[in-house]
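*Asks:* Any chance you could fold what I've pasted below:
(2 chains)
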Amino acid sequence: MGPSELTIVISPIGDLGLDGAFLAWVGTEVQKVFGFPTQVVPLLDEADLVPDPLRGQVHSTPILEKLAALLPSPAIKVLAITRVDLFIPVLTHVYGEAQLGGKACIISTYRLEEGICINASPKTYQCRILKEAIHELGHTFNLRHCPEHTCIMHYCRSIRDVDRKLERLCRYCRILLEDEIKRQDNS
Amino acid sequence: MGHAKILIVDDELIMRESLAGWLQRDGHETDTAASGEEALEKVKDTRFDILLVDIKMEGMSGLDVLKQVKENDPDVAVVMITAYGSIASAIEAMKNGAYDYLLKPFDPNELGVIIEKIIEHQAQRRETLFLREQYKDRTRFESMIGQSEALQKIFDLIEDVASTDSTVLITGETGTGKGLAARAIHTQSARCLGPFVVVNCGAFPEHLLESELFGYQKGAFTDAKTTKKGRLELAHGGTLFLDEIGTISMRMQIDLLRVLEDRIFYRVGGTQPIEADFRVIAATNRNIEQAIKEGAFREDFFYRLNVISFTMPPLREHKEDIPLLAEHFLRRFTQETNKPIDQVSREAMDEMMLYDWPGNVRELENAIERAVVVAKGRRILPQDLPIFRPEYRTPPANKSLQEMERAHLLTVLKENEWNILKSARILGIDRSTLYNKIRRYRIRKPS
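*Replies:* All right, here's what the predicted structure looks like:
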């Protein structure tokens, strides 16, 4: 990787309870979808995620601002992964949040364990994390929710829907992603 | 799911921003207002599909916003947002026409389901209205009327365009007759014996538009009990008119671009390519160039549509056609209703000439229809027209001094029961000057 090469940063926050090989795998899969090399760089610590005193969850939007500000050059996007439960004020919870067309996104593994035993089905659990990661990164490339049920940008109503969708973009979202990358190159 | 234009009304910045961000990721267009007063201002300028309104706000309450918004636009869907403990106000809101209410903080799925239901419901309403309009167009407005230079130019253009087989993009404000122009191109073209198939793209949520255009194969989805041909297939040999093309999603633009390039497509759930030969005419009231800049419309799709393009002029730019159009509509509606009305009175015509007609020819048509119904005598009088109400009068920023002078003279004369001395005194001119002006502007006292 050359110094001027544009990258996507994968940033674990605190201990995720997952081995290092897992993050490397996420990096490879992210590169397959978005075409940018990835690097693992911890930018925040779990202590930086202060829970809301009333809800006991962490408001994700301010974290995105912090992450975007800490993004090292020449990285263009950052994907943070945390174990804490995230929320935005109007909603009970979110699996993740992203700056639409921006630099930062975050996902939480907190609710991805639903309906499975992580030790018994580690692959399912890891696939869920990967899907959420690609989904939120997609938003940073200006992709919106897609009606195609198998597309990674499809908004899932339940964790079972997450299991059903594939780890890739449908052809429409692929074209929209290519357009967006071209647009960013030109600007 | 289709996309909606949503206004979020909440006095808490954090709520507004987080909700807007969430809805944008779903592809919706959002705007925010920090108070009820600001919301009402925004609603005056922009038409929103959905309003998400917090019940408890400083100043004007959410309930008041609901009542005022519903009074001006009963079709807009208002969803109330309420905190636990104020359910009573939410129920009160439902009684006043709110579509639904959400308890804060709400489950993301709950919000998605409500928005989806509203979009489906509104699309069904639009489709019904569109079909009604289409029926009206066929039965009573089959020809384009006008002798003005602006319309004569359009007629010439239609004739030229009809002789080609190129794709046409017709732009223009609502009610200017884009659909009629498209039909006129079709009937004067070599494809006139083929079908003229209309698709109102704005009337369908995305997934329904897809099956409407491309058709579907039996078993493609739960309700697909039989194979159905789409409108692209039905347009074979004729013209496909895509109305409100500016409203379609990026995804649908990708699909249609491919069809425009190859004239080959697949039914939903189908694997066999279908070839169809049709001419495409598209219409929009949106500024597409602006939409391209905003990233809401694909440039390549626009260029594919924009082979030949023209703009239908708004009625305020060819007001000289109003008497002819009014007479045409009057004839039609008196025939339909069997009412013995012979003419539009001079005063009513004066009112019509002064009005700006933001809804264009369609608004004029509706105004005459209403006037025919309510008129008591043999002439249409100003009070029979829906535009003869102060709130319908637009600020006359685009009027010439002469037009303004004529209108003002007329108002003063009417209010003083045509007493020349009194009117001249109010106007600050002498009697002979007033007489001269009356003559110059051809103002006549009603008999």
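*Asks:* Contact residues of the stretch 151-300 of chain B facing chain A?
*Replies:* For the stretch 151-300 of chain B, the residues found near chain A under the criterion Cβ under 8 Å from any Cβ of the partner chain are B:206, B:207, B:250, B:251, B:254, B:295, B:298. C-beta here means a position set from N, CA and C on the backbone, and glycine is covered the same way.
*Asks:* now with 6 Å?
*Replies:* Within the stretch 151-300 of chain B, the positions lying close to chain A (Cβ under 6 Å from any Cβ of the partner chain) are B:207, B:251, B:254.
*Asks:* what's the helix or strand for the second one?
*Replies:* Mapping residue B:251 onto the secondary structure by DSSP states H and E places it in helix B:250-262.
*Asks:* What strands line up against the helix or strand following that helix, and which way round?
*Replies:* Following helix B:250-262 in sequence order, the next helix or strand is strand B:264-265 (DSSP H and E). Strand pairing for strand B:264-265, using DSSP bridges, gives strand B:274-275 (antiparallel).
*Asks:* Which neighbouring elements make contact with the helix or strand following the partner strand?
*Replies:* Using DSSP H and E, the helix or strand that follows strand B:274-275 in sequence is strand B:279-284. Judged by 3 or more Cβ pairs under 6 Å, 6 or more residues apart in numbering or on different chains; DSSP states H and E, the packing partners of strand B:279-284 are strand B:168-171, strand B:239-243.
*Asks:* Let's have these in JSON lines, adding mean neighbour count and distance to residue B:406.
*Replies:* Below are the helices and strands packed on strand B:279-284 laid out as JSON lines (neighbours: other Cβ atoms under 10 Å in any protein chain shown; distance: least, Cβ to Cβ, whole Å):
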{"stretch": "strand B:168-171", "mean neighbour count": "24", "distance to residue B:406": "32"}
{"stretch": "strand B:239-243", "mean neighbour count": "25", "distance to residue B:406": "38"}
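*Asks:* So which of those strands is nearest residue B:309?
*Replies:* strand B:168-171 (4.1 Å; Cβ to Cβ).
*Asks:* Give the other helices and strands that that closest one contacts.
*Replies:* Secondary-structure packing of strand B:168-171 (3+ Cβ pairs under 6 Å, 6+ apart): strand B:279-284, strand B:308-311.
*Asks:* Pull out the buried residues from the helix or strand following the last one.
*Replies:* Proceeding N to C from strand B:308-311, the next assigned helix or strand is helix B:322-337, under DSSP H and E. For helix B:322-337, the neighbour count (16 or more other Cβ atoms under 10 Å in any protein chain shown) marks B:322, B:325, B:326, B:328, B:329, B:330, B:332, B:333, B:334 as buried.
*Asks:* per-residue pLDDT, residue 71?
*Replies:* This is for chain A. Here, the pLDDT recorded for residue A:71 equals 94.
*Asks:* if you could check chain B rather than the one you did, that'd help
*Replies:* Among the per-residue scores, residue B:71 holds a pLDDT of 84.
*Asks:* hang on, the earlier thing: any idea which of the helices and strands packed on strand B:168-171 is most buried?
*Replies:* Across the helices and strands packed on strand B:168-171, averaging neighbours per residue (mean count of other Cβ atoms under 10 Å in any protein chain shown) puts strand B:279-284 on top, at a mean of 26.
*Asks:* just to revisit the earlier point, which among the helices and strands packed on strand B:168-171 is found nearest to residue B:4?
*Replies:* strand B:279-284 (18.2 Å).
*Asks:* The nearest residue to residue A:45 once chain neighbours are set aside: neighbouring residues, count only.
*Replies:* Counting by Cβ to Cβ, 6 or more residues apart in numbering or on different chains, residue A:45 lies nearest to residue A:14, which is 6.4 Å off, once chain neighbours are set aside. Residue A:14 has 16 neighbouring residues, counting by other Cβ atoms under 10 Å in any protein chain shown.
*Asks:* The longest helix anywhere in chain B to strand B:239-243, inter-axis angle?
*Replies:* Longest helix of chain B, by residue count under DSSP state H: helix B:108-140. For helix B:108-140 against strand B:239-243, the angle by axes from the mean of the first three to the mean of the last three Cα atoms, to 10 degrees is 130 degrees.
*Asks:* what's the following helix or strand after helix B:108-140?
*Replies:* helix B:149-162.
*Asks:* For that following helix, list every residue counted as buried.
*Replies:* Applying a neighbour-count criterion of 16+ other Cβ under 10 Å, one finds B:150, B:151, B:154, B:157, B:158, B:161, B:162 buried in helix B:149-162.
*Asks:* swap in stretch B:206-215?
*Replies:* For stretch B:206-215, the neighbour count (16+ other Cβ under 10 Å) marks B:206, B:209, B:210, B:211, B:212, B:213, B:214, B:215 as buried.
*Asks:* Tell me the gap between the host helix or strand of the third one and the middle of its chain.
*Replies:* Okay, so that is residue B:210. Residue B:210 is part of helix B:206-214 when elements are defined by DSSP H and E. Centroid displacement of helix B:206-214 relative to its chain, using Cα atoms, centre = their mean, to the nearest Å, is 22 Å.
*Asks:* Roughly how far does residue B:9 sit from chain A?
*Replies:* 13 Å (Cβ to the nearest Cβ, to the nearest Å).
*Asks:* bridging residues for that residue?
*Replies:* Bridge pairing for residue B:9 - DSSP bridges - gives residue B:33, residue B:53.
*Asks:* which residues touch it?
*Replies:* Going by Cβ atoms under 6 Å, 6 or more residues apart in numbering or on different chains, residue B:9 touches B:33, B:39, B:53.
*Asks:* ok, now residue B:431?
*Replies:* B:420, B:424.
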